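1. Compute the structure for the input listed below.
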Amino acid sequence: MDQIARRNFFDRAGAGFAGVALNALLADELRAEAGAVGEVDPLRPLAERLPQLAPRAKQVIFLFQYGGPSTFDLLDYKPELIRLSGQPVPQSFKAQQDEVGGVFNHCHDELMAGPWRWGQHGQCGHWFSDLLPHTAQHADELCIVRSMFSDSSNHAPATYLMNTGAILGGRPSLGSWVTYGLGSANQNLPGYVLLYQVGGLGGSANWSNAFLPAAYQGTQFRYEGAPVLNLSPPQRLAGVQRSTLNFAQALNRRHAEQRAIVPDLQGRIASYELAYRMQAEALDIGELSQETRETQEAYAIHDSNSARARYGRMCLLSRRLIEQGVRFVQSYNAVDKLGWDGHDNHVEYHRRNAAQTDQPVAALLRDLKQRGLLETTLVIWAGEFGRTPMRQGASGRNHNPYGFNIWMAGGGVNAGASVGATDEIGLRAMDQPQPVKNLHATILTALGISPDELYFDHQGRQERLTGVAQSWKLIPGVLG
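-> Numbering: from 1, shown residues only. You can find the predicted model right below:
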């Protein structure tokens with residue numbers, strides 16, 4: 001290099017600089033041809049958009065299991081944990097304390113297996129405990145990822161991570177990203193609907209649109225009675241409602257034209273129109289009495305167990321929303337602030353939550369399949385983290401982000417498959433460990449969305465659900 005003059009260097013390198021510029025221009029052109037998400041019509045933000053990839057699924061139902069279910073008490077059979085139950089933690093696992101943070105804190109030096117009976121189900125042979133007898137009947141529909149791990153052992157950050165891809169609040173949720181990328185098939189209902197009595201710890205940041213346009217915020221529907229309150233106008237105003245809205249919207253558009261730098265104004269205009277269109281369809285979709293008696297009984301919506309009945313209504317309403325073209329439906333299981341979070345009374349909490357969710361979830365899977373909707377609907381069952389195999393308190397388990405299971409069904413997943421594994425006692429993901437961003441990338445890909453091409457320019461950088469481009473990997477063996 002010391003023999004090359006500065007003028008000669010630029011003369012020789014000039015073609016290289018041009019090549020770099022050409023590469024950038026071609027990349028932008030290819031991105032446009034591939035259908036990368038670009039500007040959306042601010043007045044029709046939920047208009048359907050073509051996926052960049054061949055989609056396996058069109059819609060999503062996310063059954064979020066708030067509180068951190070202990071998956072080795074539910075569907076991850078650990079005979080070694082059962083054999084060693086009541087004994088001190090083997091030294092080989094204690095030696096990992098530096099690698100698994102404070103997961104041993106506040107726990108006794110004693111392994112604890114649950115009091116459950118286990119059995120294999122379906123042709124695939126998935127194991128289930130007797131806590132999930134109904135879900136077990138659908139073993140051959142489930143693709144179970146057994147090696148998930150989280151970046152936080154606290155509820156709110158871990159819930160944010162599972163729902164938004166980051167442990168801090170203020171990021172768009174998975175449902176918001178999906179509806180931003182694909183829009184929705186039904187323009188008379190929100191593209192992203194939430195069903196919950198108690199949402200995840202951290203509140204609305206779990207379903208926020210954050211810096212995405214306002215139309216992609218999750219919309220809560222009630223699971224009893226009218227899904228949305230105050231949709232019907234007073235009778236005396238019904239005849240002039242459309243003309244009144246037209247006048248107001250004309251003023252709104254004039255106001256927005258003078259303030260093009262405020263994108264939320266267009267979102268508000270669109271939300272007024274959506275609210276008007278929802279009046280008929282949203283009221284009708286909440287009429288669960290339209291379902292057959294057999295269907296109502298399958299979902300247990302009139303069950304004497306009030307928690308099961310509530311969750312059954314959420315699951316049935318989820319199917320009705322998907323049937324009407326809503327893109328993303330998410331339900332939360334919790335009926336209090338704890339959900340599956342049984343620190344000192346783990347056995348009781350898991351019996352309670354399994355009794356609440358098992359039958360409705362199984363009914364949902366069966367109903368979707370019978371109606372031909374499971375092929376195009378990706379159903380996800382996941383909590384924010386798992387539990388420790390060590391005993392905490394009298395009969396509890398502490399939080400454990402280092403190894404847990406989730407499952408997916410429908411939507412082109414490899415039904416009956418089992419991916420990865422935790423260790424012999426369920427402490428840590430050992431075979432094919434999967435971060436949450438890989439799960440998100442797999443979900444987006446199933447929907448035909450290229451994870452790197454789903455971005456939004458915010459404060460001078462391209463923001464993505466999956467973080468930095470190419471920092472993710474698809475979970476192997478999930479997509480058939």
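
2. Need the CA coordinates for stretch 88-108. PDB is fine.
-> Presented in PDB, the C-alpha positions along stretch 88-108 are these (Å, rounded to 0.1, in the frame of the first residue of the first chain):
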ATOM      1  CA  PRO A  88     -30.700 -33.200  46.500                       C
ATOM      2  CA  VAL A  89     -29.900 -31.600  43.200                       C
ATOM      3  CA  PRO A  90     -27.100 -33.600  41.500                       C
ATOM      4  CA  GLN A  91     -23.700 -31.900  41.600                       C
ATOM      5  CA  SER A  92     -23.600 -31.800  37.800                       C
ATOM      6  CA  PHE A  93     -26.500 -29.400  37.800                       C
ATOM      7  CA  LYS A  94     -25.300 -27.300  40.700                       C
ATOM      8  CA  ALA A  95     -22.100 -26.800  38.700                       C
ATOM      9  CA  GLN A  96     -24.100 -24.800  36.200                       C
ATOM     10  CA  GLN A  97     -25.200 -22.100  38.700                       C
ATOM     11  CA  ASP A  98     -22.800 -19.500  37.100                       C
ATOM     12  CA  GLU A  99     -24.500 -20.100  33.700                       C
ATOM     13  CA  VAL A 100     -28.100 -20.100  34.800                       C
ATOM     14  CA  GLY A 101     -28.000 -17.000  37.000                       C
ATOM     15  CA  GLY A 102     -30.100 -16.900  40.100                       C
ATOM     16  CA  VAL A 103     -32.400 -19.800  39.100                       C
ATOM     17  CA  PHE A 104     -31.300 -21.700  42.300                       C
ATOM     18  CA  ASN A 105     -32.100 -18.700  44.500                       C
ATOM     19  CA  HIS A 106     -35.000 -19.100  46.900                       C
ATOM     20  CA  CYS A 107     -35.200 -22.800  46.100                       C
ATOM     21  CA  HIS A 108     -34.500 -25.800  48.400                       C
END
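
3. What average pLDDT does it get?
-> Regarding stretch 88-108, the rounded mean pLDDT is 91.

4. Assign a three-state SS to the residue most central in space within the chain, would you?
-> In the chain, the residue lying closest to the centroid (Cα atoms, centre = their mean) is Phe62, at 4.8 Å. Of the three states, Phe62 takes strand according to DSSP: H, G, I helix; E, B strand; the rest coil.

5. Contacts only, for it.
-> Listed by Cβ atoms under 8 Å, 6 or more residues apart in numbering, the contact partners of Phe62 are 174-175, 328-331, 380, 382. For glycine as for every other residue, the C-beta is placed from the backbone atoms N, C-alpha and C.

6. okay, those in a markdown table with secondary structure and neighbour count next?
-> Converted to a markdown table, those look like this (DSSP: H, G, I helix; E, B strand; the rest coil; neighbours: other Cβ atoms under 10 Å):
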| residue | secondary structure | neighbour count |
| --- | --- | --- |
| Leu174 | helix | 27 |
| Gly175 | helix | 29 |
| Phe328 | strand | 29 |
| Val329 | strand | 29 |
| Gln330 | strand | 26 |
| Ser331 | strand | 28 |
| Ile380 | strand | 22 |
| Ala382 | strand | 22 |
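
7. between these, which is closest to Gly68?
-> Ala382 (10.6 Å; Cβ to Cβ).

8. Tell me who's in contact with the closest one.
-> 62-65, 148, 162, 406-407, 439.

9. what is it paired to in the beta sheet?
-> Per DSSP bridges, the residues bridged to Ala382 are Phe64.

10. Closest one of the contacts of Ala382 to Pro88?
-> Met148 (27.2 Å).

11. Buried residues, stretch 132-151. List them.
-> Buried residues in stretch 132-151, counted by 16 or more other Cβ atoms under 10 Å: 132, 134-136, 138-139, 141-150.

12. Widest-spaced pair of those?
-> His134 and Phe149, at 28.0 Å, using Cβ to Cβ across the buried residues of stretch 132-151.

13. and the residue nearest to the centre of the chain, what pLDDT?
-> 98.

14. Not counting its neighbours along the chain, what's nearest Gly412?
-> Distances taken as Cβ to Cβ, 6 or more residues apart in numbering put Arg56 closest to Gly412, at 2.6 Å, once the chain neighbours are dropped.

15. Tell me the backbone dihedrals of the one you found, please.
-> phi -90, psi -30 (degrees, to the nearest 10).

16. measure Ile61 to Ser304 for me?
-> Look at Ile61 and Ser304: by Cβ to Cβ, to the nearest Å, they are 26 Å apart.

17. neighbour count winner among these two?
-> More neighbours surround Ile61 than the other of Ile61 and Ser304, with 28 against 7 (other Cβ atoms under 10 Å).

18. Please list all residues in contact with that one.
-> By Cβ under 8 Å, 6+ apart, the residues touching Ile61 are 318-319, 322, 329-331, 364, 377-380.

19. Same question for Gly420.
-> So Gly420 contacts 145-148, 429, 431-434, 475 (Cβ under 8 Å, 6+ apart).

20. nearest spatial neighbour of it, skipping sequence neighbours?
-> Nearest one to Gly420, counting by Cβ to Cβ, 6+ apart, is Ser147 at 2.8 Å.

21. Might one say that the one you found is in contact with Pro435?
-> No: checked against Cβ atoms under 8 Å, the pair Ser147 and Pro435 is beyond contact range at 10.2 Å.

22. Quick one: low-confidence residue ranges for the stretch 151-300 of the chain.
-> Applying pLDDT under 70 to the stretch 151-300 of the chain flags the ranges 229-249, 253, 256, 258-283.

23. List phi and psi for Arg464.
-> Torsion angles, degrees, to the nearest 10, at Arg464: phi -130, psi 160.

24. could you measure it against Pro451, distance?
-> Going from Arg464 to Pro451 by Cβ to Cβ gives 7 Å.

25. Next: Tyr299.
-> 34 Å.

26. what ranges do the helices span in the chain?
-> All helices of the chain, identified by DSSP state H, fall at 6-34, 79-84, 91-94, 133-136, 155-164, 174-182, 235-238, 241-257, 263-285, 293-298, 306-323, 346-370, 436-446.

27. Leu201 versus Met408, what's the distance?
-> Taken as Cβ to Cβ, the span from Met408 to Leu201 is 24 Å.

28. And those two? Which one has more around it.
-> Ranked by neighbour count (other Cβ under 10 Å), Met408 and Leu201 place Met408 first, with 30 against 21.

29. Let me see the contact set for the more buried one.
-> 142-143, 145, 378-381, 478.

30. okay, it: pLDDT?
-> 98.

31. cool, Val379 as well?
-> For Val379, the predicted pLDDT is 98.

32. and it, what does it touch?
-> Residues counted as contacts of Val379 (Cβ under 8 Å, 6+ apart) are 60-61, 63, 364-365, 368, 408-411.

33. Sort out which one of the residues you listed lies nearest Phe211 for me.
-> Closest to Phe211, out of all of those and judged by Cβ to Cβ, is Val60, at 21.5 Å.

34. Any idea what the closest one is bridged to?
-> Beta bridges link Val60 to Phe328, Leu378, judged by DSSP bridges.

35. I'd say it and Leu378 touch.
-> Yes: counting by Cβ under 8 Å, Leu378 is a contact partner of Val60 at 5.0 Å.
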